[in-house]
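S.K.: below are the sequence and a predicted model for it; my questions follow.
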Amino acid sequence: MKLVTFTHNHETRVGAVIDDVVVDSNGNADIPSTMLAFLTQGDIALTAMQNLINSGDARIPLKEVTLNAPVPNPQKYLALSLNYADHIAETGRDQPKYPSFFTKQSSCIIGYGEAIHQPKVSDKLDYEGELAFVIGKRCRHVPVEKAHEVIAGYTIANDVSIRDWQMHSATMMIGKSFDTAGPLGPWIVTSDDIKDPHHLSIKTWVDSELRQDGNTQQMITNCYEMVAYLSQAMTLEPGDIITTGTPSGVGVKMQPRGYLKPGQTVRIEIEGIGELSNPVIKEPESTVMY
């Protein structure tokens, strides 16, 4: 099942994508209107959505809706750095002893087709195509062999990075959390439709140029190990976003540098999920508020 948060006629709610239509939950009392509430409700909401799909009713052409980030306001956005050996090699750094997580602020999240801003304060704007997964159950101290049970599904993330600001602190948080630095989507593919999240092709294009070409089997710490590791320290909640690192090919390591420029489009494709595409523009003057 492909779960979406979408806007139609100025109203935002949850639905499911089937081919070129959205199955619309509007008016269905058994399906919450927000993705956080949907995921928290768990199997009850999934069953109600499947029943709606099976009914053949409540269809809207996909081209008539706006796809928002599937989880626009997660409680936590946790991202893993240096999780592909080829990316570690291109950075010239050592492999971390432990999984090296940082946070992205949820205010950075945008959806499919929304514009990534080249910030007023930097031209060192970079992309990182990544597999992301979404927590579906409140959990703590999850063993690796049970971790798949708490993952609701998988989506695509672009860990947009402002490289000079990223180096302002060891946590990298500010340079990873600029507004629009968190494209996510276009939907959540539920776990039952992803046979093996650790064997998926992942590719990133800038315009027509293929920049990244990897596979999630190259991850050093896999998704289930990430859940087990993080849940030793903190309670994971439905809707929490966890991104899993990027393969080699980032712009900062190209010669000359391959930083993103206004007018370009970044497109990330992950096998079994789909593609996430976002244009790049200069940060608009309308963002100035004081």
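M.R.: Cool, got the structure. Numbering: from 1, shown residues only.
S.K.: list the buried ones in stretch 241-256?
M.R.: 241-252 (16 or more other C-beta atoms under 10 Å). (C-beta placed from N, C-alpha, C; glycine too.)
S.K.: starting at the chain centroid, how far to it?
M.R.: Stretch 241-256 has its C-alpha centroid displaced from the chain centroid by 14 Å (C-alpha atoms, centre = their mean, to the nearest Å).
S.K.: cool, and stretch 10-19?
M.R.: 18 Å.
S.K.: can you pull the buried residues of the helix or strand of the chain with the lowest mean pLDDT?
M.R.: One helix or strand of the chain scores below all others by mean pLDDT, DSSP states H and E: helix 85-91, with a mean of 89. Buried residues in helix 85-91, counting neighbours by 16+ other C-beta under 10 Å, are found at 87-88, 90.
S.K.: and for stretch 91-105?
M.R.: In stretch 91-105, counting by 16+ other C-beta under 10 Å, buried: 99-102, 104.
S.K.: in strands, which of these appear?
M.R.: 100-102 (DSSP state E).
S.K.: for Met49, state which of the residues you listed is nearest.
M.R.: Checking those against Met49 by C-beta to C-beta gives Phe101 as the nearest, at 31.3 Å.
S.K.: what sits against that closest one?
M.R.: Phe101 sits next to 78-81, 230 when contact means C-beta atoms under 8 Å, 6 or more residues apart in numbering.
S.K.: pick out the lowest-pLDDT one from the residues you listed.
M.R.: Lowest pLDDT within the contacts of Phe101 is found at Ser81 (94).
S.K.: other SSEs contacting the host helix or strand of Ile202?
M.R.: For Ile202, the host element (DSSP states H and E) is strand 201-206. Strand 201-206 sits against strand 129-135, strand 209-215, strand 265-270, with contacts defined as 3 or more C-beta pairs under 8 Å, 6 or more residues apart in numbering; DSSP states H and E.
S.K.: could you redo the last one with a cut-off of 6 Å?
M.R.: Strand 201-206 sits against strand 209-215, strand 265-270, with contacts defined as 3 or more C-beta pairs under 6 Å, 6 or more residues apart in numbering; DSSP states H and E.
S.K.: for Glu285, find the nearest of those.
M.R.: Closest among these, using C-beta to C-beta: strand 265-270, at 22.2 Å.
S.K.: what pairs with the closest one, parallel or antiparallel?
M.R.: According to DSSP bridges, strand 265-270 forms sheet pairs with strand 201-206 (antiparallel), strand 274-282 (antiparallel).
S.K.: and these: which comes nearest Leu62?
M.R.: strand 274-282 (11.6 Å).
S.K.: from the chain's centroid, how far away is the closest one?
M.R.: Between the centre of strand 274-282 and the centre of its chain there are 13 Å (C-alpha atoms, centre = their mean).
S.K.: same question, stretch 259-277
M.R.: With C-alpha atoms, centre = their mean as the basis, stretch 259-277 stands 12 Å off its chain's centre.
S.K.: check stretch 69-84 too.
M.R.: 6 Å.
S.K.: just the buried ones from the contacts of Phe101, in ChimeraX syntax?
M.R.: Buried members of the contacts of Phe101, defined by 16+ other C-beta under 10 Å, are picked up in ChimeraX with:
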select :78,79,80,81,230
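S.K.: now do the helices in the stretch 1-150 of the chain.
M.R.: 35-41, 43-55, 85-91 (DSSP state H, counting those that start in this stretch).
S.K.: just say which of those is most tucked in.
M.R.: Comparing the helices of the stretch 1-150 of the chain by mean neighbour count (mean count of other C-beta atoms under 10 Å), helix 35-41 ranks first with a mean of 21.
S.K.: show me the contact partners of that helix.
M.R.: 5, 14, 32, 45, 70-71, 136, 152, 238-239 (C-beta atoms under 6 Å, 6 or more residues apart in numbering).
S.K.: may I see those organised as CSV, with pLDDT and distance to Ile53 added?
M.R.: CSV is the format used below for the contacts of helix 35-41 (pLDDT from 0 to 100; distance: C-beta to C-beta, whole Å):
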residue, pLDDT, distance to Ile53
Thr5, 98, 17
Val14, 97, 13
Pro32, 96, 16
Ala45, 97, 13
Pro70, 98, 17
Val71, 98, 20
Gly136, 98, 19
Ala152, 98, 17
Pro238, 98, 21
Gly239, 98, 22
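S.K.: hmm, back to that, now tabulate the ones in strands among the buried residues of stretch 91-105 in TSV and tack on pLDDT and distance to Glu271.
M.R.: Shown next, in TSV, are these (pLDDT from 0 to 100; distance: C-beta to C-beta, whole Å):
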residue	pLDDT	distance to Glu271
Ser100	95	26
Phe101	97	25
Phe102	97	26
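S.K.: understood, closing this out.
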